[in-house]
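**Q** coordinates only, no sequence provided:
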């Protein structure tokens, strides 16, 4: 998934969930971009989806972080049939390696230059 | 912190902790690289430090994920005096905005092309 906007997802009130997906891609990327865009469209439809951050080092590591209100939202995303088909294709074609870490946020903090700060 | 190696940190046996740090940098980056390298050196000395992933979209979002065995290791890192000084300078000079999400990993999964897979 890719959302290379300049504004990182905010610090929500815990608890919420993060899905940290770190990837190294193969040379074979045909269809990747389209599927990626479709997945981003799909995940935004999940009730409890909070946002997504993505960073990609050229020729290096990609990190995507999905934010979800609760475990149920994540389960819904994980078991989505179209998402599962895309994952399968990802393993077959697009990813050299990846790691997924699903975690419950206990503490969060945001900083914006010139704004008042809040710990959560 | 920057470790743009091609191999993402592995899926450990839960529970463990992730600190997800998403950043947008300012134009003022003098001293950033040196401090960053020093912080990476420091964090590796923390008992319970498991690894670090970093991805940076050119001109866009940076995401750093630190992995720690337990909350105590994270506390040690958070309260490290040299780290706190660097954070202060980061807010004063290097970061336009950032978000930190500290979370306890409940589930993890790794994929390596051509290898046997394991859910954790």
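**A** Done, it's in. This one's a predicted model, so the numbers in the text were calculated from it and none came from an experiment. Numbering: from 1, shown residues only, chains lettered A, B, ... in the order given.
**Q** residue ranges with poor pLDDT in chain A?
**A** Counting by pLDDT under 70, chain A has low-confidence residues at A:1-5, A:116-120.
**Q** longest helix in it, by residue count?
**A** helix A:32-43 (DSSP state H).
**Q** show me what secondary structure element comes after that one.
**A** Toward the C-terminal end, the helix or strand that comes next after helix A:32-43 (DSSP states H and E) is strand A:49-56.
**Q** quick one: that following strand near chain B?
**A** Yes - residues of strand A:49-56 contacting chain B under CB under 8 Å from any CB of the partner chain: A:53, A:54, A:55, A:56. Just so you know, the C-beta spots here come from the backbone N, C-alpha and C atoms, and that holds for glycine as well.
**Q** rewinding a little: quick one, the longest helix of chain A and strand A:49-56 angle?
**A** 160 degrees (axes from the mean of the first three to the mean of the last three CA atoms, to 10 degrees).
**Q** in helix A:32-43, what's buried?
**A** For helix A:32-43, the neighbour count (16 or more other CB atoms under 10 Å in any protein chain shown) marks A:32, A:35, A:36, A:39, A:40, A:42, A:43 as buried.
**Q** same question, stretch A:49-58
**A** Going by 16+ other CB under 10 Å, stretch A:49-58 has these buried residues: A:49, A:50, A:51, A:52, A:53, A:54, A:55, A:56, A:57.
**Q** list of residues touching it?
**A** Defining contact as CB atoms under 8 Å, 6 or more residues apart in numbering or on different chains, one finds that stretch A:49-58 is touched by A:1-4, A:8-10, A:12, A:16, A:40, A:43, A:62-69, A:73, A:77, B:4, B:22, B:54-58, B:60-63.
**Q** tell me which strands the longest strand seen in chain A pairs with, and in which orientation.
**A** Taking DSSP state E as the criterion, chain A has its longest strand at strand A:95-112. According to DSSP bridges, strand A:95-112 forms sheet pairs with strand A:16-25 (antiparallel), strand A:118-119 (antiparallel), strand B:95-112 (antiparallel).
**Q** now, of the ones you listed, which is deepest in the fold?
**A** strand A:16-25 (a mean of 22; mean count of other CB atoms under 10 Å in any protein chain shown).
**Q** quick one: that strand to chain centroid distance?
**A** 6 Å (CA atoms, centre = their mean, to the nearest Å).
**Q** what's near enough to touch residue A:32?
**A** Per CB under 8 Å, 6+ apart, neighbours of residue A:32: A:25, A:93, A:94.
**Q** ok, residue A:105 - contacts?
**A** Contacts of residue A:105 (CB under 8 Å, 6+ apart): A:12, A:14, A:15, A:16, A:17, A:18, B:101, B:102, B:103.
**Q** can I get those residues in CSV including distance to residue B:89?
**A** Putting the contacts of residue A:105 into CSV (distance: CB to CB, whole Å) gives the following:
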residue, distance to residue B:89
A:12, 27
A:14, 27
A:15, 31
A:16, 29
A:17, 32
A:18, 27
B:101, 22
B:102, 21
B:103, 26
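**Q** so which of those comes closest to residue B:113?
**A** Comparing those against residue B:113 with CB to CB places residue A:18 closest, at 25.2 Å.
**Q** would you confirm that that closest one contacts residue A:100?
**A** No - applying CB atoms under 8 Å as the test, residue A:18 and residue A:100 come out as separate, 10.8 Å apart.
**Q** before we move on, the earlier item: let's have the strands paired with strand A:95-112 in JSON lines, adding distance to residue A:110.
**A** Shown next, in JSON lines, are those (distance: least, CB to CB, whole Å):
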{"stretch": "strand A:16-25", "distance to residue A:110": "13"}
{"stretch": "strand A:118-119", "distance to residue A:110": "7"}
{"stretch": "strand B:95-112", "distance to residue A:110": "5"}
